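Engineer: what's the 3D shape of this:
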Amino acid sequence: MQFDGLSIVDKPARAPEPRGERRFHSLKGLMLESVRRQTFVDWPVDFLDRDNLAQAGFFYLRTMDHVQCAFCRGIVGYWDEGDQPETEHKKHFPNCPFVMGAATGNVPAAANPDTDEGRLYKMLNEFYAFKMANTRPSLPSTYHTDSMRVLDGGKVAYPQLNTSVSRLRTFSRWPKETRVDAEKLSDAGFFYTGISDFVQCFHCGGGLFAWRKEDDPFADHARHYPSCNFIRMTHNVPNGVEVSGEVNTLERQSTLSKQEAEMLLHHPLAKRLVALGLSSVSVREALKLSVEASGFLCPTVTEALELVFDYDEKERQKSPKNQCHDGLPVPQSEPQEPNHEATGGTSEASMEVEETKETFFPPTPPPEHSGQSTLSDYSKLLQEVQALRQAVQVEERRLQCRLCGKEQVAVVFQPCSHLHLCADCARPRDSCVTCGSVVRGTLRPIIG
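Structural biologist: Numbering: from 1, shown residues only. Sure thing, here's the model as predicted:
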């Protein structure tokens, strides 16, 4: 039946398309165009190309002809012949960061191999495929590799869904067009994620999508995640014996090489972060850790910024005596006193630094006759004061405008709430320099 209720006469049956890799560890994998393309199983609209839909940021919801954007979560359906996915996306969701051309974690399926970005996208697609085939999802405290060979340590990924009844409740909105029984899926250890036909195992955390009517949830679970203890117990497979599964032909290291890490700086996300004034070293290392852990990048610039800030903070904590923030070393010597006569005044942040020195820095060392223990305590105090001074310098730097680098931040963009620019740099802008969203209004925060 068509959507207008008219029957289709003498329509030849289409041969099912190959599904490719069906495994996933996180729904953020939909940022890859290749993953979005694999969702179009049993796509009912002949005149609309699946590749064009995936390229426009859409994945199939397995309900009628409805598709959803992986970046703005906007849904488009009831397609007419002649509709163009990219045009419809812009018309219905003009503020989507993907259609606006903002930096996102999108990874095209095909790109020019002669360009730096093309080689980067090829590497990211291959690394994601390797990650899905050779690792199991990361659990809260551990990360296991070689899921095709290494047994699970017994940790349950989603213990709150350890019963078939609790898992079955998650299938209340399971798309009927999938034609796979929800009870069989829940009995096989799967629960519904609420997106398209993506399901995950409560025990190992492994996910599958792109289901067809003839699929057997138990067999597919065992084939794609043979090391899952739940499916081993269900199939009565003794430990040490592998369930026959798909053979993985991808051979590579589970970490990125130096050359591959350098390639990450060619991604639009990385270029955006470097343009905001962040160190290319910190950006490269933070994105490298993200790709190695999950197989993909961040969906937005904001999340990428948080990754870089977290990376810098961890690096600072690792080496308190030679700290490095945003890839730039912090000087260990005492800062020069500011020339108030030349500047005509002093900033609030500078006053805080001076006040900290006056309050915490001891004016004179202890006398020699006070003993070795006193000298040791004095040395420790000096180190603490040095660390406090450097922490104040870092906070002062975070309060500087990211465009001019001279004035303090003073304007909050609405509705994104980013506080990154001074009044002079923010005044002529109609879009946020961090996330690219349209500025609807501004606020003046009170700092102090």
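Engineer: domain ranges for this protein, per the record?
Structural biologist: 135-234, 258-329, 340-398, 400-448 (automatic domain parsing).
Engineer: for the residue most central in space within the chain, what are its contacts?
Structural biologist: For the chain, Cys298 is the residue whose C-alpha lies nearest the centre (C-alpha atoms, centre = their mean; 2.9 Å). With contact set as C-beta atoms under 8 Å, 6 or more residues apart in numbering, Cys298 has these partners: 105, 269, 287, 290, 304, 307. All C-beta spots, glycine's among them, are computed from the backbone N, C-alpha and C.
Engineer: that one and Arg173: what is the separation?
Structural biologist: 28 Å (C-beta to C-beta, to the nearest Å).
Engineer: returning to that earlier point: which single one of the contacts of Cys298 is nearest to Val199?
Structural biologist: Gly105 (23.2 Å; C-beta to C-beta).
Engineer: wait, doesn't the closest one sit right on Leu297?
Structural biologist: Yes: between Gly105 and Leu297 there is a contact under C-beta atoms under 8 Å: 4.0 Å.
Engineer: what is in contact with these two at once?
Structural biologist: Residues touching both Gly105 and Leu297 by C-beta under 8 Å, 6+ apart: 31, 269.
Engineer: mean confidence (pLDDT) on the host helix or strand of Glu384, please.
Structural biologist: In this assignment (DSSP states H and E), Glu384 forms part of helix 372-398. Helix 372-398 comes out with an average pLDDT of 74.
Engineer: buried residues, it. List them.
Structural biologist: The neighbour-count check on helix 372-398 (16 or more other C-beta atoms under 10 Å) flags 385-386, 389-390, 392-393, 396 as buried.
Engineer: just checking, what packs against that helix?
Structural biologist: The contact analysis (3 or more C-beta pairs under 8 Å, 6 or more residues apart in numbering; DSSP states H and E) places helix 372-398 against helix 348-360.
Engineer: what about the residue lying closest to Met100 once chain neighbours are set aside, neighbour count?
Structural biologist: Residue nearest to Met100 in three dimensions, not counting chain neighbours: Gly436, with 6.4 Å by C-beta to C-beta, 6 or more residues apart in numbering. Gly436 is flanked by 18 other residues according to other C-beta atoms under 10 Å.
Engineer: which parts of the stretch 251-400 of the chain are strands?
Structural biologist: 324-325, 328-329 (DSSP state E, counting those that start in this stretch).
Engineer: thinking again about what came up before, need the contacts of Cys298 in a markdown table (columns: pLDDT, distance to Glu262 and neighbour count).
Structural biologist: Below are the contacts of Cys298 laid out as a markdown table (pLDDT from 0 to 100; distance: C-beta to C-beta, whole Å; neighbours: other C-beta atoms under 10 Å):
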| residue | pLDDT | distance to Glu262 | neighbour count |
| --- | --- | --- | --- |
| Gly105 | 90 | 18 | 25 |
| Leu269 | 91 | 15 | 26 |
| Leu287 | 92 | 11 | 25 |
| Ser290 | 90 | 15 | 20 |
| Ala304 | 89 | 17 | 27 |
| Leu307 | 89 | 18 | 21 |
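Engineer: for Val156, state which of the residues you listed is nearest.
Structural biologist: Closest to Val156 out of the contacts of Cys298 is Ser290 (25.3 Å), distances taken as C-beta to C-beta.
Engineer: doesn't Val308 make contact with the closest one?
Structural biologist: No: the pair Ser290 / Val308 is not scored as a contact, 10.0 Å apart, by C-beta under 8 Å.
Engineer: residue ranges with poor pLDDT in the stretch 151-300 of the chain?
Structural biologist: Filtered on pLDDT under 70, the stretch 151-300 of the chain yields the residue ranges 151-154, 235-251.
Engineer: in it, which spans are helices?
Structural biologist: 164-169, 182-187, 217-224, 229-234, 258-263, 268-275, 280-294 (DSSP state H, counting those that start in this stretch).
Engineer: and Leu30, how close does it get to Phe98?
Structural biologist: Taken as C-beta to C-beta, the span from Leu30 to Phe98 is 11 Å.
Engineer: which one's more surrounded, the two?
Structural biologist: Leu30 (28 against 23).
Engineer: and the more buried one, what does it touch?
Structural biologist: So Leu30 contacts 36, 39, 59, 70, 195 (C-beta under 8 Å, 6+ apart).
Engineer: repeat that with 6 Å
Structural biologist: 36, 59, 70 (C-beta atoms under 6 Å, 6 or more residues apart in numbering).
Engineer: looking at the closest residue in space to it that isn't next to it in sequence now. What's its pLDDT?
Structural biologist: Leaving aside its sequence neighbours, Leu30 sits nearest to Ala70 (C-beta to C-beta, 6+ apart; 4.0 Å). At Ala70 the predicted local confidence, pLDDT, stands at 93.
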